[in-house]
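Novice: model the structure of this input:
(chains A, B, C and D, ligands or ions: 6)
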Amino acid sequence: MKKIINNPADVVKEALQGMQAAYEGTLDYTPGAEVISRHEKGDKVAVISGGGAGHEPLHAGFVGKGMLDAAVSGNVFSSPSPDRIGAAIEKMEAGKGVLLVIKNYSGDVMNFGLAADLAEADDVEVETVVVKDDVAVPDSTYSTGRRGIAGTVFVHKIAGAKAEEGASLAEVKAAAEHAIQNIRSMGMAMSPCILPAVGKPGFVLAEDEIEIGMGIHGEPGVERTKVKTAKEVAEILLDKILADYDYADSEVAVLVNGLGGTPLMELYILNKEVKELLESKGIKIYKTLVGNYTTALDMTGCSLTLMKLDDELKRLLDAPCDTPALKW
Amino acid sequence: MKKIINNPADVVKEALQGMQAAYEGTLDYTPGAEVISRHEKGDKVAVISGGGAGHEPLHAGFVGKGMLDAAVSGNVFSSPSPDRIGAAIEKMEAGKGVLLVIKNYSGDVMNFGLAADLAEADDVEVETVVVKDDVAVPDSTYSTGRRGIAGTVFVHKIAGAKAEEGASLAEVKAAAEHAIQNIRSMGMAMSPCILPAVGKPGFVLAEDEIEIGMGIHGEPGVERTKVKTAKEVAEILLDKILADYDYADSEVAVLVNGLGGTPLMELYILNKEVKELLESKGIKIYKTLVGNYTTALDMTGCSLTLMKLDDELKRLLDAPCDTPALKW
Amino acid sequence: MAFELTAADYAEYIKKAYALIHENGDYVTELDLATGDGDHWSNINMGFEKLVENSEKLAGMSVSDELKEIGKIMMAVIGGSSGVLYGSAYLAAAKSVKGKETLGKKELCDVLEAMLNAIISRGQAQEGFKTMIDSLAPAVKEYKKCLEEDTDDKTLCERVKKAAVDGAENTKNMEAVRGRATYQANKGVGHLDPGAVTMSYQIQSNMDVFNV
Amino acid sequence: MAFELTAADYAEYIKKAYALIHENGDYVTELDLATGDGDHWSNINMGFEKLVENSEKLAGMSVSDELKEIGKIMMAVIGGSSGVLYGSAYLAAAKSVKGKETLGKKELCDVLEAMLNAIISRGQAQEGFKTMIDSLAPAVKEYKKCLEEDTDDKTLCERVKKAAVDGAENTKNMEAVRGRATYQANKGVGHLDPGAVTMSYQIQSNMDVFNV
Ligand SMILES: Nc1ncnc2c1ncn2[C@@H]1O[C@H](COP(=O)(O)OP(=O)(O)O)[C@@H](O)[C@H]1O
Ligand SMILES: Nc1ncnc2c1ncn2[C@@H]1O[C@H](COP(=O)(O)OP(=O)(O)O)[C@@H](O)[C@H]1O
Ligand SMILES: [Mg+2]
Ligand SMILES: [Mg+2]
Ligand SMILES: [Mg+2]
Ligand SMILES: [Mg+2]
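Specialist: Ligands and ions are numbered 1, 2, ... in the order given. Below you'll find the predicted structure:
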């Protein structure tokens, strides 16, 4: 295993220390709780998210004006514990309530859920929303159901912008729910990632194979197939998204996301294909993000996310934000 | 070879198309010349750079307010031809002269040099500066000498800020030269990159080997060694930089740069070590950038860059910029 | 030893469980790589490592305080699904024997049952969902049966152990309904659930400590 | 053919050179991987491919216009170091035979010498720097010698060819002073310079076309 680390057990702590060092005076780091939070506490609803580490810049990279107030990190690919989440809540809640943005993984749902219960018991008003944008997985109320992946970035943006406007907790939650309803994503992986604590790949893909629909922790996808062209990849991902939700005649925000190991050049090529396909289908692109926003360590591959926009979502999407990974 | 591409011969063109599509209305793309330029032409010195593709976000990612006016792309790892560079000059020069920021590779020096000669022949005032920050290579006037690597980003920032202020060509050139004199970098690679047109790695590193000082096209470094801890890597890179230029008691801008395939998490861990080392040596950190700024496709590894600051460089570094890859 | 467990005995058990978990690292990781995200062993191993580090302190507490402390440590250190599940389980276990200095045969059964109920309620899963519950639930059932049948301690320990191990073994053919294994096309069928396996390691060690 | 080259002959030569370059892809790439960045073959192959695509057009021009057009195409298509070097070389070659419709034995020598001088001046390199110059320079020297000695055409072709090939071969033990091979710890010693090799392919093909 070749990684720029000291000790596999310390990667999360040291990465957050190193991140905070780069944003001295803007971001705070709470050791032990592994929380990155805004240096200034706002007089507003606190929007807090988090989850396993290894998806950088998600989550801490989206802490800042107009997005998250705090991000809580678990170990690599592992949900943070309720006390960590509690520490973030305690640090950033300003009497206006807290929205927890949770990605739909059993661990996250349980840990954030317990943290919310504990905070409520301490008279902090807490609401939760669960992001489940990954159309590779069938939606289900019976089983664990659909995962939350790169679309989470849009949810952070929308909820954060709404909170920054001074909206109430109910309004911020409603805006986040509204975003979630309009977001769908689909991914593809070309090579596995290596967990620092494990030291070897979690799965193997043959030299000419890719996996459509793979999750951001290497969860299996819907199909293994031969290497495809960028155009074919765009078609496959987009078709699956459009089959799941009606984007016809709408305006959308697009996120072409890299999983960490794929060069930006390839993501741009994919974006070219996505743009041409969307145009050919009469779907209007309002804004595009291309880059590594929700990664899986050094996995190669990508995901595509669409968010259908209305005037409210456009306004919140366009609102200024100032975070390490998103700024305008 | 697993890449999200259509045809190896089209990667540069399609990537720039896909990039431009993400910045519609802000950035223009000139087909054939493979130039990304600012949509608005400023009444000021034009700062233009470029070089081989494969180093994304360098160079096109730094086109925008406060940095470059245009970036010219060659093929992957290949210098752009004089006519491409000429197209960029023609597009962005506004009668105030043009500064070409060149990285010190034979190909770039020759192509940009010829383009400068041709533009001068057309009565466009052109000056050039050559970035040579890579301390892995001995400086030399006799031979090709020191390469230009990630420190180029700082040169773009400083020259761009100076030009944005309305400075003369001579002043912009002087600011760029001043930055270059104060910038040193040193890199390390852990695994090779794969050129789309070649389809296989350019060199091999054993499972437990890294190469100190490797260049951003896989040029050999100064030493192959066993895998090191993040702390050791920081020490090795920093020692080499500090041995080359006197940073004692100064304030510096730090760039912890990823080569493309290394997760952000690891770059942050490295930054923690760099910060602690600099502090222990009494070197003050004024600003830190951590991320993939000058890459080598999917190579894993990193580089460290220091720029020694004075009041002028601080002011120009802090000046606002608005580009795809750097914004404040 | 008679069936009267002190906090020190429980701390001793923690060490045994840690040893068994620790030495099966590759195997458990393989299982979580096949059905989940590969971190289950590293999560749970880290948790037990921390418990062992604290074993002197734990041994000095009352049993119910010890269980509560274990719950807190596990929740904080393990993270992920198993952290919150084990954390909830141990907190509930502490409550079920509140104020007790030691654990008798009956109290140990209460502890295990409280754990089971806490896990079920926190994770909204049931037996047959291919989780750690599938090792713990049959073990609790068998434990109760032994108490009803009033078997000797040795038999009880052997039967509970077997139930836990068989339960883990049975997850092989189950389809996952909760947790990451649900993402597998075949819902993890053909692989044991890593959480059930580490649960069975704990129950085995538990019974071994008491059965001496 | 007699030593009187038409634009069509030169276009024919381009095709031959392309074929030879094309079939040695792996070998040349290996060389540039060992001493440089691995793209030399793909650069130069792309350039010649483009020339071949344009060969009908090229064949219809005067020789000097043809050389100029080749220079422009090479500069635009190849990029990198070799693009600007070959571009400069062909533009200078065109100038050296300005207005000429065809090339005689003497003019071909002027063309090669003009190329050599252009490459030297653009790249600030000399013989012995482990570059394409080390194949072209000895070839030009030998060509001139043959003209002085007034050898027959066949001999001239063989000797020029040999000089070019030997020259490329000699780069093996040279230390690079210009170009990417300078970054190698041993300055590329032990490997042929890829640019010298592809230069020798061109000179070989050139001589083969004329020597029929
Ligand atoms: N809802 C649940 N109820 C009970 N057990 C669960 C549930 N979800 C997951 N588990 C157990 O947790 C184990 C996985 O734990 P671990 O790998 O540590 O967490 P994660 O799935 O977050 O990576 C599974 O093997 C399963 O036994
Ligand atoms: N300054 C120079 N003068 C003459 N030839 C040079 C010079 N620099 C490089 N070359 C030649 O160019 C070849 C490399 O070309 P190529 O790989 O296409 O360009 P790059 O080095 O930009 O990748 C070298 O093998 C060498 O023969
Ligand atoms: Mg996990
Ligand atoms: Mg090159
Ligand atoms: Mg797991
Ligand atoms: Mg080359």
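Novice: nearest spatial neighbour of C:E107, chain-adjacent residues omitted?
Specialist: Once flanking residues are discounted, C:E107 sits nearest to C:V97: 5.2 Å by Cβ to Cβ, 6 or more residues apart in numbering or on different chains. Glycine gets a C-beta too; all of them are placed from N, C-alpha and C.
Novice: hmm, I typed the wrong one, I wanted A:K287.
Specialist: The spatial neighbour of A:K287 that comes closest, neighbours along the chain excluded (Cβ to Cβ, 6+ apart), is A:A253 at 4.7 Å.
Novice: what's that neighbour in contact with, if anything?
Specialist: When contacts are counted by Cβ atoms under 8 Å, 6 or more residues apart in numbering or on different chains, A:A253 touches A:154, A:286-289, A:306-307, A:309, A:313, A:317.
Novice: sort out for me which of the residues you listed are in strands.
Specialist: By the criterion of DSSP state E, membership of these in strands covers A:286-289, A:306-307, A:309.
Novice: ok now do the residue nearest to C:V111 when sequence neighbours are not counted, which residues does it touch?
Specialist: In space, not counting the residues next to it along the chain, C:V111 is nearest to C:A93; the distance is 4.4 Å by Cβ to Cβ, 6+ apart. Going by Cβ under 8 Å, 6+ apart, C:A93 touches C:67, C:71, C:111-112, C:114-115, C:118.
Novice: which one of those residues sits in the busiest neighbourhood?
Specialist: C:L67 (29 neighbours; other Cβ atoms under 10 Å in any protein chain shown).
Novice: checking that one next. Helix, strand or coil?
Specialist: For C:L67, the secondary structure call by DSSP: H, G, I helix; E, B strand; the rest coil comes out as helix.
Novice: next, count neighbours for the closest residue to it other than its chain neighbours.
Specialist: Using Cβ to Cβ, 6+ apart and skipping residues adjacent in sequence, the residue nearest C:L67 is C:A94, 3.9 Å away. Neighbours of C:A94 under the rule other Cβ under 10 Å: 23.
Novice: do the same with the one 5 residues further on
Specialist: Residues near C:G99, counting by other Cβ under 10 Å, number 8.
Novice: doesn't the residue nearest to C:V111 fall inside a helix?
Specialist: Yes: judged by three-state DSSP, C:A93 forms part of a helix.
Novice: look up how far chain D lies from it.
Specialist: In this structure, C:A93 and chain D are 62 Å apart, going by Cβ to the nearest Cβ, to the nearest Å.
Novice: please report the distance of that residue from B:D43.
Specialist: Separation of C:A93 from B:D43 (Cβ to Cβ, to the nearest Å) stands at 75 Å.
Novice: same thing with A:N104?
Specialist: Distance of A:N104 to B:D43, computed by Cβ to Cβ: 52 Å.
Novice: neighbour count winner among those two?
Specialist: A:N104 (21 against 9).
Novice: surely that one is in contact with A:V137?
Specialist: No: taking Cβ atoms under 8 Å as the contact criterion, A:N104 and A:V137 are not neighbours in contact, 9.0 Å apart.
Novice: quick check: neighbours shared by the two?
Specialist: Jointly contacting A:N104 and A:V137 under the rule Cβ under 8 Å, 6+ apart are A:145-147.
Novice: among these, who's most crowded?
Specialist: For these, neighbours were counted by other Cβ under 10 Å; the highest total belongs to A:R147, with 24 neighbours.
Novice: nearest residue to that one in space, please, no chain neighbours.
Specialist: Counting by Cβ to Cβ, 6+ apart, the nearest residue to A:R147 once its immediate chain neighbours are dropped is A:D134, at 4.2 Å.
Novice: and the one you found, how many neighbours?
Specialist: When neighbours are counted by other Cβ under 10 Å, A:D134 comes out with 30.
Novice: point me to the residue of chain C nearest ligand 1.
Specialist: C:G195 (1.9 Å; Cβ to the nearest ligand atom).
Novice: my read: that residue touches C:S81, true?
Specialist: Yes: look at C:G195 against C:S81 with Cβ under 8 Å: they come within range, at 7.5 Å.
Novice: compare those two (neighbour count), which wins?
Specialist: When C:G195 and C:S81 are compared on other Cβ under 10 Å, the one with more neighbours turns out to be C:G195, at 34 against 29.
Novice: the more buried one and A:D208, how far apart?
Specialist: If you measure C:G195 against A:D208 using Cβ to Cβ, the figure is 35 Å.
Novice: please name the nearest non-neighbouring residue to the residue located most distally from the centre of chain C.
Specialist: Most distant residue from the mean C-alpha position of chain C: C:A185, 27.8 Å away (Cα atoms, centre = their mean). Of all residues not flanking C:A185 in the chain, A:P220 sits nearest, at 6.1 Å (Cβ to Cβ, 6+ apart).
Novice: state the phi and psi torsions of that neighbour.
Specialist: phi -60, psi 150 (degrees, to the nearest 10).
Novice: so how far is C:L33 from it?
Specialist: Using Cβ to Cβ, one gets 11 Å for the distance from A:P220 to C:L33.
Novice: joint contacts of those two?
Specialist: The contact sets of A:P220 and C:L33 overlap at A:F203 (Cβ under 8 Å, 6+ apart).
Novice: OK, contacts around residue 76?
Specialist: No chain was given, so I picked chain A. Under the criterion of Cβ under 8 Å, 6+ apart, the contact list for A:V76 reads A:11-12, A:52-54, A:195-197, A:297, C:39.
Novice: chain C is the one I meant
Specialist: Remark: with contacts taken as Cβ under 8 Å, 6+ apart, C:A76 is in contact with A:81, A:83-84, C:83, C:87.
Novice: which of those are buried? Put it as a ChimeraX command.
Specialist: Buried members of the contacts of C:A76 can be picked out in ChimeraX with the line below, counting by 16 or more other Cβ atoms under 10 Å in any protein chain shown:
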select /A:81,83,84 /C:83,87
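Novice: hmm, back to that, now, the contacts of C:A93 that are in helices?
Specialist: C:67, C:71, C:111-112, C:114-115, C:118 (DSSP state H).
Novice: go through these and name the one nearest ligand 4.
Specialist: Among the ones in helices among the contacts of C:A93, C:G71 lies closest to ligand 4 (Cβ to the ion), at 60.4 Å.
Novice: I'd guessed that closest one sits against C:Y86; true?
Specialist: Yes: between C:G71 and C:Y86 there is a contact at 7.3 Å, judged by Cβ under 8 Å.
Novice: so what touches stretch C:169-177?
Specialist: A:142-144, C:35, C:125, C:128-131, C:134-135, C:182, C:184, C:186-193, C:196.
Novice: show me which of those are buried.
Specialist: Of all the contacts of stretch C:169-177 considered here, the ones buried according to neighbour count by 16+ other Cβ under 10 Å are A:143-144, C:35, C:125, C:129-131, C:134-135, C:182, C:184, C:187-189, C:191-193, C:196.
Novice: make sure A:V252 is indeed in a strand.
Specialist: Yes: counting by three-state DSSP, A:V252 is located in a strand.
Novice: and C:L85, that's in a helix?
Specialist: Yes: under three-state DSSP, C:L85 falls within a helix.
Novice: distance of the spatially closest residue to it that is not a sequence neighbour relative to C:V209?
Specialist: Counting by Cβ to Cβ, 6+ apart, C:I119 is the residue found nearest to C:L85 once chain neighbours are left out, at 5.0 Å. The gap separating C:I119 from C:V209 is 22 Å, by Cβ to Cβ.
Novice: out of these two, which sits in the more crowded spot?
Specialist: C:I119 (24 against 19).
Novice: and that one, what does it touch?
Specialist: When contacts are counted by Cβ under 8 Å, 6+ apart, C:I119 touches C:85, C:88-89, C:125, C:132-133, C:136.
Novice: measure it to C:G25 for me?
Specialist: For C:I119, the distance to C:G25 under the criterion Cβ to Cβ works out to 23 Å.
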